[in-house]
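Q: Below are the sequence and a predicted model; questions follow.
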Amino acid sequence: MLKPLLLASFFCLPASYGQEADAPAADQPTKPDIKQLSPHEFQIGKIHLNQKKREISFGAGINMTQGLLEFLLVTTQSNKVHETLLLSDISPLNLNIAFKLLGITESPELFEIVDEDYRPTGVYPDVDPKISAAAKVDIIVEWGEGEKKKSHPINELIHHIDWPKEDEHGFKPQDELVLEDIKLTTMEAGPWLSTGSYIHEGQFKAEVAGIMIAIYTAQQAVVNYPGKDRQAGDVWIPNEKVVPEEGTVVKVIIKPHQS
């Protein structure tokens, strides 16, 4: 059975420091719609939670197969639709609740600490290794049926642009280069990090912004990519060799990372 204490603890979370103050005040979140499907399975809105398999799953769609990416998953109402690989109509709030019910923690290690005047300090939070480990998740995407069914770690659907550096030979500026001029590599394998987003003026920022999983580090997101070039906005594109055509319906599966 779901533990009432876990749900209670979610709605009693203190407001976290936010980077923006662009949302109006709102009432506290209402109790989520959670239905028990079996002794180990629950439905949280449009999200399926299997405690025995320790996985969360939901539907999404391929949003783009070309162009620069800064996000992996946003809602259909987000203003980041033009730079995300996947779209879904699930609730970011429900996704965060599902994480908590599965025991996935949140780590702030990717966010630079600011001083009392909100200026960056160059220092990042010192996070307990156990908390950091429990915040790591694996993301898998599946599509197709029968013999045509495919399953890939999400990292395999994303290419990294290895822009050439200028040297004595004089490489062309990036805006003059085309993909034939540059090297593409698949995003390094590895877990993503649950960062939890934050509450500001009574609103859950991931829900307001419609941002769930970010490649380019975003404090509003529920999950962030923790790897190299996570703060570069011009290096990530869909891997056209793997990504199915635009509009393809996929199943997203998120599990606690097993090292």
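A: Now that the structure is in, tell me what you want to look at. Numbering: from 1, shown residues only.
Q: CA atoms for contacts and neighbours, from now on please.
A: Will do.
Q: in this structure, what secondary structure element scores lowest on mean pLDDT?
A: Every helix and strand in the chain was compared by mean pLDDT, DSSP states H and E; the lowest is helix 4-11, with a mean of 38.
Q: what's the following helix or strand after that helix?
A: strand 34-38 (DSSP states H and E).
Q: Go ahead and flag the most central residue of this protein.
A: When C-alpha atoms, centre = their mean is applied to the chain, the residue found nearest the centroid is Ile213 (1.5 Å).
Q: so that one is in which element?
A: strand 211-214.
Q: and that strand, how far from the chain's centre?
A: Taking C-alpha atoms, centre = their mean, to the nearest Å, one finds strand 211-214 lying 4 Å from the centre of the chain it belongs to.
Q: what sits up against the next helix or strand along the chain from that strand?
A: Following strand 211-214 in sequence order, the next helix or strand is strand 223-224 (DSSP H and E). Contacts to strand 223-224, defined as C-alpha atoms under 8 Å, 6 or more residues apart in numbering, come from residues 192-197, 212-218.
Q: by contact count, what packs against the following helix or strand past strand 223-224?
A: Sequence-wise, the next helix or strand downstream of strand 223-224 (DSSP H and E) is strand 236-238. Identification of packing neighbours for strand 236-238 by 3 or more C-alpha pairs under 8 Å, 6 or more residues apart in numbering; DSSP states H and E yields strand 158-162.
Q: mind listing the helices for this structure?
A: 4-11, 92-101, 129-134, 205-209 (DSSP state H).
Q: Stretch 112-121: which residues count as buried?
A: Buried residues in stretch 112-121, counted by 16 or more other C-alpha atoms under 10 Å: Ile113.
Q: now the end-to-end length of that stretch.
A: One end of stretch 112-121 to the other measures 7 Å (C-alpha to C-alpha, to the nearest Å).
Q: what do you get for stretch 232-244?
A: Stretch 232-244 has an end-to-end distance of 25 Å (C-alpha to C-alpha).
Q: Now tabulate the contacts of strand 223-224 in CSV and tack on distance to Gly67 and pLDDT.
A: CSV is the format used below for the contacts of strand 223-224 (distance: C-alpha to C-alpha, whole Å; pLDDT from 0 to 100):
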residue, distance to Gly67, pLDDT
Trp192, 22, 98
Leu193, 24, 98
Ser194, 26, 98
Thr195, 26, 98
Gly196, 27, 97
Ser197, 26, 97
Met212, 20, 98
Ile213, 18, 98
Ala214, 16, 98
Ile215, 14, 98
Tyr216, 14, 98
Thr217, 18, 97
Ala218, 19, 97
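Q: sorry, back to before: residues in contact with the residue nearest to the centre of the chain?
A: So Ile213 contacts Phe71, Leu72, Leu73, Val74, Ala221, Val222, Val223, Asn224, Tyr225 (C-alpha under 8 Å, 6+ apart).
Q: Report the beta-bridge partners for the first one.
A: Partner residues in beta bridges with Phe71: Thr84, Ala214, with DSSP bridges as the criterion.
Q: Buried ones among the contacts of strand 223-224?
A: 192-197, 212-218.
Q: Tell me how many other residues surround the spatially closest residue to Trp143 that is not a sequence neighbour.
A: Spatial nearest neighbour of Trp143, chain neighbours left out: Val250 (4.7 Å); criterion: C-alpha to C-alpha, 6 or more residues apart in numbering. The tally of other residues near Val250 (other C-alpha atoms under 10 Å) stands at 21.
Q: Tell me the confidence at Val250?
A: Looking at Val250, its pLDDT reads 98.
Q: for it, what are its contacts?
A: Val250 neighbours (C-alpha under 8 Å, 6+ apart): Gly59, Ala60, Gly61, Ile62, Val141, Glu142, Trp143, Gly144.
Q: if we go to 10 Å?
A: 58-62, 86-88, 141-144, 150-151, 244 (C-alpha atoms under 10 Å, 6 or more residues apart in numbering).
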